[in-house]
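A.B. asks: Take this sequence and fold it.
(chains A and B)
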Amino acid sequence: MSGLAVTNLLRAPGRSLLGALALAIGICALTLLLAFTLAFRGQVVGTLLGNAIAVQTRPADYISATVTVLIGAFAVADVLYLNIRERASELATLRALGWHEATLSRLITIEGAGMGLAGSVLGAGAGLAAAAVFTGSLPPQLFTAALVSAVAGTLIATLAAVLPASVLGRLANAQALAEE
Amino acid sequence: MTQAQPPPIPGAAVRLTDVTKAFPLGGSQRLTAVDRVSLSVEPGIVLAITGPSGSGKSTLLHLIGAIERPDHGLIEIHGQTLNDLSPRQLADYRRRTGFVFQRYNLLPALTALDNVLAPVLPYRTAYHKIRRAEELLARVGLAGREPALPSRLSGGEQQRVAIARALIGSPRLLLADEPTGNLDSSTGASILKLLLHLREEQGMTIIIATHDPQIAASADCIVHLHDGRITKESQAPRHQRPAPHPAAAPGPAPPELSRHPRAQG
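C.D. replies: Just a heads-up that it's a prediction; the model follows:
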């Protein structure tokens, strides 16, 4: 079923990429903040441009990054919702062929997880690279920060997929089958 | 016209009793697609449901296939009452029942082989799924076409894939909604031949909704629908009907196929 989920995501690659990128922005910011907190105790002073840069993480930064991640997760949910509307006849066909509701929901959730994983890996990678550029080094804590962000992003996107998956039950069978 | 309940046929493959299904039209209006239909179908026969567009043929098939649930009435399949089943049990029933759609309803992103596998894709089976799907494709004349996407198949080939898909669960009941409706006459004839061959081979009960007089003429029994009601029933003379297949559900042979006192011309 994972193969089918990936195939479905690749059918509208631009849309899937947009969803993933929307999540990646927040994950990138979160990775940077975590990196600074874990590797430099929340403070980076004078590395990239002599002593010109001083970055200090604050709670407000975390709130902003979290909100950005949540907006990204909603973007993932929105992409999945559009996909479901477009594929209503296919999903109705699978239901008519004997798929359980829970199995259909799992398919959508796996698609959300796939998009979330792609966005999280992109965002965490970008955050890791930016942190390395800022600090001029790659201490192990940076990788921990990237991993934590990527896992969090994937989980949040997977949870967000529950929203569009809940729409499945409201698809009218006969009408959706006829829309093929 | 009122429709009396059908006399019970022991071991009937399908029995509908006073089944009604209506759809909302907006506001308080409702369209009654199937109106108090009662019907019994003997195992191992081919039943054609005919009637004009909008007469309720597809809805009746959807009700028998548990794609839709009735507003009223009983649906029994091989002695099991669908009304009593949970959504999960209904899904299991749908997986065991073959359904062929007029527009094939193949999944465009999947190959022919994966389309045949689609009903059982996420589930464990007692048989080797891929081998069985390959065998079914070969049986419908599509050996070697396993990797083809639906967009690379002709209409007839797509319908053959859809028939192979309907057979993956070894159904005792096959429902076909206008299976030749989108095909030219020669391709339609070959699809009909395939369906009849499958009935001979496996003894399954086949119910076909059709406009096609050729299909209707090939059926053992014809039910004519109009405005959601059965207005006429007829059947092939006894000597023209095939001998019951051993695979058909056992049970005392009914005296008549499904002729009810309510049948009206």
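
A.B. asks: Heading C-terminal from the helix ranked longest in chain A, find the next helix or strand.
C.D. replies: When chain A is parsed with DSSP state H, its longest helix is helix A:101-135. The first helix or strand that comes after helix A:101-135 along the chain, using DSSP states H and E, is helix A:140-160.

A.B. asks: Contact residues of the stretch 1-150 of chain B facing chain A?
C.D. replies: B:23, B:58-59, B:62, B:65, B:67-68, B:87-88, B:91-97, B:99, B:101, B:103-105, B:107-110, B:114, B:118-122 (Cβ under 8 Å from any Cβ of the partner chain). In this view, the C-beta of every residue, glycine as well, is placed from N, C-alpha and C.

A.B. asks: Doesn't residue B:30 lie inside a helix?
C.D. replies: No: looking at residue B:30 with DSSP: H, G, I helix; E, B strand; the rest coil, it is strand, so not inside a helix.

A.B. asks: one step back: quick check: ChimeraX command selecting the buried ones in the residues of the stretch 1-150 of chain B next to chain A.
C.D. replies: Selecting only the buried entries of the residues of the stretch 1-150 of chain B next to chain A in ChimeraX, with 16 or more other Cβ atoms under 10 Å in any protein chain shown as the criterion:
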select /B:58,59,62,65,67,68,91,92,93,94,95,97,99,101,103,104,105,107,109,110,114,118,119,120,121,122
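
A.B. asks: on that earlier part again, which elements pack onto the longest helix of chain A?
C.D. replies: helix A:2-11, helix A:13-40, helix A:59-86, helix A:88-96, helix A:140-160, helix A:162-165 (3 or more Cβ pairs under 8 Å, 6 or more residues apart in numbering or on different chains; DSSP states H and E).

A.B. asks: buried ones in stretch B:141-156?
C.D. replies: Applying a neighbour-count criterion of 16+ other Cβ under 10 Å, one finds B:142, B:145, B:146, B:148, B:150, B:153, B:155, B:156 buried in stretch B:141-156.

A.B. asks: Please identify which two of these are farthest apart in space.
C.D. replies: B:146 and B:155 (18.7 Å; Cβ to Cβ).

A.B. asks: any low-confidence regions in the chain?
C.D. replies: Let's take chain A. A:40-57, A:171-176, A:178-180 (pLDDT under 70).

A.B. asks: please go with chain B instead
C.D. replies: Low-confidence segments of chain B, defined by pLDDT under 70: B:1-10, B:236-265.

A.B. asks: Show me what the longest helix along it packs onto, helices and strands only.
C.D. replies: The residue-count maximum for a helix in chain B (DSSP H) belongs to helix B:185-202. Applying 3+ Cβ pairs under 8 Å, 6+ apart, we find helix B:185-202 packed against strand B:46-50, helix B:155-167, strand B:173-177, strand B:205-209, helix B:213-218.

A.B. asks: now the fourth one against strand B:173-177, angle please.
C.D. replies: Angle, strand B:205-209 to strand B:173-177, by axes from the mean of the first three to the mean of the last three Cα atoms, to 10 degrees: 10 degrees.

A.B. asks: ditto for the longest one
C.D. replies: Between the axis of helix B:155-167 and that of strand B:173-177 there is an angle of 150 degrees, by the same axes, to 10 degrees.

A.B. asks: Closest residue of chain A to chain B?
C.D. replies: Here chain A gets closest to chain B at one residue, residue A:98, 2.6 Å apart by Cβ to the nearest Cβ.

A.B. asks: so that residue makes contact with residue B:91?
C.D. replies: Yes: between residue A:98 and residue B:91 there is a contact under Cβ atoms under 8 Å: 5.3 Å.

A.B. asks: Filter the buried residues of stretch B:141-156 down to just the ones in helices.
C.D. replies: B:155, B:156.

A.B. asks: Let me have the buried residues of stretch B:141-156 in TSV, extended by distance to residue A:63.
C.D. replies: Below are the buried residues of stretch B:141-156 laid out as TSV (distance: Cβ to Cβ, whole Å):
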residue	distance to residue A:63
B:142	58
B:145	57
B:146	54
B:148	53
B:150	49
B:153	54
B:155	57
B:156	61
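
A.B. asks: Chain A: which of the buried residues of stretch B:141-156 is nearest?
C.D. replies: residue B:150 (10.9 Å).

A.B. asks: out of everything not next to it in sequence, what's closest to the closest one?
C.D. replies: Leaving aside its chain neighbours, residue B:150 sits nearest to residue B:106 (4.3 Å; criterion: Cβ to Cβ, 6 or more residues apart in numbering or on different chains).
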